[in-house]
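In: my questions concern the predicted model and sequence given below.
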Amino acid sequence: MTAFVAAAALPGRAPTRLGSVSSLRPSGVAVRRSRRCRTSSLRMAEEGVKAESETETAAEAPEGLVRPEKKGKVGGKKSLLKPDGTPYAPWMGGLVEEPSEFKAKAPKTDAKGRLANDPQAGELAGVGLKGRILGDEVDLRWDTGTEVNNLGFKVMRRAGKSDKWEFVADYQTAPSELQSKGSEGGSYTFIDSSNPPPGTWIYRVSDVSKEKKVNDLAQCMVDVEDSNDRSTQKVALAVLVVLGVVCVLLGVALDPQ
């Protein structure tokens, strides 16, 4: 009985069982202390993960090598210009001076004058350059309408897979064929007897004015065959003709009627 009374008399203590006491601290103190413990545990876990990641990064990177931080590119020509190269606004022009990314396209043809402006102009104007093989020679033919201030014509050629043009003849080297026929024009024929090598050839005809200005008129493609191939074709053709004649004769002999 004395022990119970003594225990009850102590401040902040409450009897639970006979001879035992328990703390009467407010419940908020226990809650705050629990939250503090959880916060400390989370901080320690985060610091541990960060330390491990730094250690792994240092182990992967070579010694003495410092990896720079990647920074996004800001500004530049592409941010000021449209895809076609023009600025989005007039005041944006000239703010950034960088090498141009747009290059002029190379011309599709090296022709000059009418043929360069319109490749079909020669056909529509009636020039109609035509080429054919005559044995070992190349026969070129074309027509013209009115010829103003024209001295004559020049003939050039190049191989099919080459860009280098070769001079063939002009109104000075072959005046009887290539000299102008006057202001009313006419029909022209030129024979290239230089015996070009076998292969594909491009022939071009141009007129030359009195000021020595060259104007390309038209061009055509000619396939030159090897002389051996031509001989073989002739022999094959002759054999076919002979076989045809023999077949006709046999037919007549077997059936006279």
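Out: Sure thing, it's come through.

In: ok, residues contacting the helix or strand containing residue 191?
Out: Residue 191 belongs to strand 187-192 when assigned by DSSP states H and E. Strand 187-192 is contacted by residues 134, 137-144, 153, 155, 157, 168-169, 174, 177-178, 181, 203 when judged by C-beta atoms under 8 Å, 6 or more residues apart in numbering. Just so you know, the C-beta spots here come from the backbone N, C-alpha and C atoms, and that holds for glycine as well.

In: list the buried residues of that strand.
Out: Using 16 or more other C-beta atoms under 10 Å as the test for burial, strand 187-192 gives 188, 190, 192.

In: now do stretch 198-210
Out: Residues of stretch 198-210 classed as buried: 201-209 (neighbour count, 16+ other C-beta under 10 Å).

In: likewise for stretch 169-189?
Out: Applying 16+ other C-beta under 10 Å to stretch 169-189 flags 169-171, 174, 177-180, 185, 188 as buried.

In: tell me which helix or strand comes right after the strand holding residue 191.
Out: The helix or strand immediately downstream of strand 187-192 is strand 199-209, counting by DSSP H and E.

In: could you measure from residue 152 over to residue 137?
Out: Distance of residue 152 to residue 137, given as C-beta to C-beta, to the nearest Å: 21 Å.

In: higher neighbour count, those two?
Out: Neighbour totals were compared for residue 152 and residue 137, and residue 152 leads with 20 against 14 (other C-beta atoms under 10 Å).

In: rewinding a little: quick one: which of the buried residues of stretch 169-189 sit in strands?
Out: 169-170, 188 (DSSP state E).

In: pLDDT added to the buried residues of strand 187-192, as CSV?
Out: Listed next are the buried residues of strand 187-192 as CSV, based on pLDDT from 0 to 100:
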residue, pLDDT
188, 95
190, 96
192, 94
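
In: name the nearest of the residues you listed relative to residue 222.
Out: Nearest to residue 222 out of these is residue 192 (C-beta to C-beta; 9.0 Å).

In: and the gap between the closest one and residue 203?
Out: From residue 192 to residue 203 the distance is 8 Å (C-beta to C-beta).

In: what sits in contact with each of the two?
Out: Both residue 192 and residue 203 are contacted by 138, 140, 155, 157, 168, under the criterion C-beta under 8 Å, 6+ apart.

In: my guess is the fourth one meets residue 204, correct?
Out: Yes. In this structure, residue 157 is within contact of residue 204 by C-beta atoms under 8 Å, at 7.1 Å.

In: outline the domain layout of the protein.
Out: By the assignment in automatic domain parsing, the chain contains the domains 2-48, 114-225, 231-257.

In: so which residues of this protein form helices?
Out: Ranges of helices within the chain are 2-9, 27-60, 77-80, 114-117, 121-125, 175-178, 227-254, based on DSSP state H.

In: where does this structure have low pLDDT?
Out: The chain contains residues with pLDDT under 70 at 1-81, 85, 92-127, 227-231, 233-234, 256-257.

In: in strands only, show me the shared contacts of residue 192 and residue 203.
Out: Per DSSP E, the subset of the shared contacts of residue 192 and residue 203 in strands is 138, 140, 155, 157, 168.

In: many thanks, we can stop here.
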